[in-house]
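Undergrad: got a sequence here, can you model it:
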Amino acid sequence: MKKEASTPQPTRIIRGRVVRAKYRTPECPDYKGNPLQEALPPLMDNKTIANRLKYYTNFSESQRLEPNHVRYLLIHNAMRFFAPLDVHIELTHSISKMLRIGYADRNPFKNVLPDDSSAQEESLDQYSDQYEQQPDQLPTTACGMSIIGPSGAGKSFSVERILGLTPQVIHHGVYKGIDFNCSQLAWLKVDCPHDANPKGLCLEIFRIVDKLLGTKCQENYGGKHALVDEALNEVKTIAANQYLGLLVIDEIQRLSLAKSNGAVKLLNFFGQLRNEIGVPVILIGNYKSLAVLSGDFSQMRRGTGQGDLIWDLMKEDKQWRVFCESLWRFQYTKKTCKLDDLEVLTKKQLKDDPKRTPKTLSGVLYEETQGIVDFAVKVYMFAQERAIDTKKEVITSRIIRSVAMDKLKIPREVLHALKTGDRKVLELYDDLYNKAYNGYLHRQENGTSEEAQAEASLEMNEKPEESAIENTELLGKSSPEAESLAGKGKSRSKSPSSAKRRKKVSEGDKGELPKLIDELKSKIGGSAYEALLQAGYIDLTEA
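TA: Numbers count the residues shown, from 1 in each chain. Presented below is the predicted three-dimensional model:
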């Protein structure tokens, strides 16, 4: 019996709102007369964005008195909340701009020449003023963006929440008395296939478009014998015909697993969507994806149209406080606790660390989860359940720590490494920690940037005679040239007037001893030590 080829498992479809087009005057005058622009919702200020993004489940004090099994369900349901932070506001503005800039050059009602355009072109002088008002050949202004960060930081969930502010499908009918029957696909979010197969990505796009618009793209273009290039071209056709406004590709780190140059093919395809059709592309992934995205400069340039966003773990700052305040509002224990309640240290803890000071509950939660939002929400949820199970009916620092110890056993080593800054352990987990990026931050924080290192090297080069003295001590005292050089260095170091006249040594000036070594190596060969030994500059009898 012939074994059938396995098909990739479909991912979940992120469904947005489906609306009928209502046209409004866009904020930018240049976008007037473009139905794709006029059908988009109005721009929002920071306050409006925060109000639209936030989501909190219904909560009442009476729910604290519900039976235990009911409260367990309420706790899990409440953890679906969304608290907008500064990074969400900034990202919302970026996505809004990308969507509108991408539609700027894609007006379906843009003026075109009549059928006898060839005759008109012959009659027009190439320097006529009529050409001065035809900027139709300007390059597309569509841009891209890369969102990179560790797993569990909330990148994907946040992007999905932000995309939901814009209707996904906008059905047009009549625009200013002209028939315009089409469905505008404002945005599309797709996960990169597990094997990063370009055809697999195309099939996923076909499947989602069919579900959203009722088309038969997968049936028509996704056959077994369809070629990869043909499938990619069909995706471009769909993006153009359905006026795709924004394409979001998640789990982009899977491109590192691509075979037969598949990663390059997909990255080039994303570039074609931007350049040929004007569709902005957002790439989301963990730190593994940096190796793929930073391999080609043109890709880096296209991916920074709205600036790269490094979505790092949360710091214990004001943003953490805002997040915890939103989290703390959902307490289903009979007794309440506050964020600033201090932990009670045991005698053993004080004996082990006499300098230890009690932390607040928010500080304890941060210490146990290291700012990983996913872990913080889960620990808080399990802490409530344990408080109910033990009949203490209040969240304490000891409960938070015990729950973190029991429920986060597998990532315990990683969390401890994040807490202590153990880079040797962290570098083993390239989806959570990027060696190059965090190494750069570490150098910046400690003032050891490349510029500082260069200055330190220059200061060392300003004292060649001291280096010569050190080298002669290492090489031995039998060389007349070395003794002479060392003597000159000592005399110069004792002469204040000579020290004042000393100039900076250029990068190409190595000093006398290195020049001597280079000459001997070119004549004799071998290492510096061997060359000096054979030339008689090193006397082994005194050793």
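Undergrad: from here on, just use CA atoms for contacts and neighbour counts.
TA: Fine.
Undergrad: which ones are touching F375?
TA: Contact partners of F375, counting by CA atoms under 8 Å, 6 or more residues apart in numbering, are G152, T369.
Undergrad: need the contact list for L244.
TA: By CA under 8 Å, 6+ apart, L244 lies in contact with Q184, L185, A186, W187, L188, I238, V279.
Undergrad: which single one of these is nearest to I388?
TA: Within the contacts of L244, distances to I388 taken as CA to CA reach their minimum at L188, with 42.5 Å.
Undergrad: what helix or strand is S183 on?
TA: strand 178-185 (DSSP states H and E).
Undergrad: how about that strand: buried residues?
TA: S183, Q184, L185 (16 or more other CA atoms under 10 Å).
Undergrad: flag whichever of the contacts of L244 scores worst on pLDDT.
TA: Lowest in pLDDT among these is V279, which has 88.
Undergrad: surely it and L273 touch.
TA: Yes: taking contacts as CA atoms under 8 Å, V279 lies within contact range of L273: 5.4 Å.
Undergrad: ranges for the strands of the stretch 301-450 of the chain?
TA: Counting by DSSP state E, counting those that start in this stretch, the stretch 301-450 of the chain has strands at residues 309-310.
Undergrad: can you list the weak-confidence ranges in it?
TA: Residue ranges of the stretch 301-450 of the chain with pLDDT under 70: 301-307, 433-450.
Undergrad: am I right that K22 is in a strand?
TA: No: the assignment for K22 (DSSP: H, G, I helix; E, B strand; the rest coil) gives coil, which keeps it out of a strand.
Undergrad: re the thing from before, in its sheet, what does the strand holding S183 sit against?
TA: strand 169-175 (antiparallel) (DSSP bridges).
Undergrad: output the partner strand as PDB, restricted to C-alpha atoms.
TA: Only the C-alpha atoms of strand 169-175 are listed here, as PDB (Å, rounded to 0.1, in the frame of the first residue of the first chain):
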ATOM      1  CA  VAL A 169     -11.900  42.300   6.000                       C
ATOM      2  CA  ILE A 170     -13.600  45.400   4.600                       C
ATOM      3  CA  HIS A 171     -16.300  44.800   2.000                       C
ATOM      4  CA  HIS A 172     -16.600  47.600  -0.600                       C
ATOM      5  CA  GLY A 173     -19.700  48.200  -2.800                       C
ATOM      6  CA  VAL A 174     -20.000  51.600  -4.300                       C
ATOM      7  CA  TYR A 175     -17.500  54.400  -4.000                       C
END
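Undergrad: which parts of that strand are buried?
TA: Applying 16+ other CA under 10 Å to strand 169-175 flags V169, I170, H171, H172, Y175 as buried.
Undergrad: the third one pairs with what?
TA: Which is H171. With DSSP bridges as the rule, H171 is bridged to R20, S183.
Undergrad: how about the last one?
TA: The bridge-partner assignment for Y175, based on DSSP bridges, gives I178.
Undergrad: let me see the domain layout of the chain.
TA: Split into domains by automatic domain parsing, the chain comes to 18-43+85-109+139-310, 318-445, 463-542.
Undergrad: looking at the ones you listed, which is buried most?
TA: For those, the largest average neighbour count (mean count of other CA atoms under 10 Å) is found in domain 18-43+85-109+139-310, namely a mean of 19.
Undergrad: span of that one from start to end?
TA: 32 Å (CA to CA, to the nearest Å).
Undergrad: helices of the stretch 151-300 of the chain, residue ranges please.
TA: Ranges of helices within the stretch 151-300 of the chain are 155-163, 198-213, 217-221, 228-241, 262-272, 290-293, 297-302, based on DSSP state H, counting those that start in this stretch.
Undergrad: among those, which is nearest K409?
TA: Closest to K409 of the helices of the stretch 151-300 of the chain, according to CA to CA: helix 155-163, at 23.9 Å.
Undergrad: may I have the closest one exported as CSV, CA atoms only?
TA: Below are the C-alpha coordinates for helix 155-163, written out as CSV (Å, rounded to 0.1, in the frame of the first residue of the first chain):
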residue,chain,number,x,y,z
LYS,A,155,5.2,39.5,21.4
SER,A,156,2.7,37.4,19.4
PHE,A,157,-0.3,38.0,21.8
SER,A,158,0.4,41.8,21.8
VAL,A,159,0.6,42.0,18.0
GLU,A,160,-2.7,40.1,17.6
ARG,A,161,-4.3,42.4,20.1
ILE,A,162,-3.1,45.5,18.2
LEU,A,163,-4.1,44.0,14.8
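Undergrad: where along the stretch 1-150 of the chain do the strands fall?
TA: Under DSSP E, counting those that start in this stretch, the stretch 1-150 of the chain gives strands at 18-20, 145-148.
Undergrad: show me what the longest one is packed against.
TA: Using 3 or more CA pairs under 8 Å, 6 or more residues apart in numbering; DSSP states H and E as the contact definition, the elements that strand 145-148 packs against are strand 281-285, strand 309-310.
Undergrad: repeat that for 6 Å
TA: Applying 3 or more CA pairs under 6 Å, 6 or more residues apart in numbering; DSSP states H and E, we find strand 145-148 packed against strand 281-285.
Undergrad: who are the packing partners of the strand it packs on?
TA: When contacts are defined as 3+ CA pairs under 6 Å, 6+ apart, strand 281-285 sits against strand 145-148, strand 247-250.
Undergrad: nearest to R17, of those strands?
TA: Nearest to R17 among the helices and strands packed on strand 281-285 is strand 247-250; the distance by CA to CA comes to 16.3 Å.
Undergrad: can I get that closest one in PDB? Just the C-alpha atoms.
TA: Extracted in PDB, the C-alpha atoms of strand 247-250 (Å, rounded to 0.1, in the frame of the first residue of the first chain):
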ATOM      1  CA  LEU A 247       1.400  40.700   6.200                       C
ATOM      2  CA  VAL A 248       2.700  39.500   9.600                       C
ATOM      3  CA  ILE A 249       4.900  36.400   9.700                       C
ATOM      4  CA  ASP A 250       5.300  34.900  13.200                       C
END
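Undergrad: can you list the strands that it pairs with?
TA: strand 188-191 (parallel), strand 281-285 (parallel).
Undergrad: least reliable of the helices and strands packed on strand 281-285 going by mean pLDDT?
TA: strand 145-148 - the lowest mean pLDDT of those, at a mean of 88.
Undergrad: show me what the mean pLDDT comes to for stretch 164-178.
TA: Mean pLDDT, stretch 164-178: 93.
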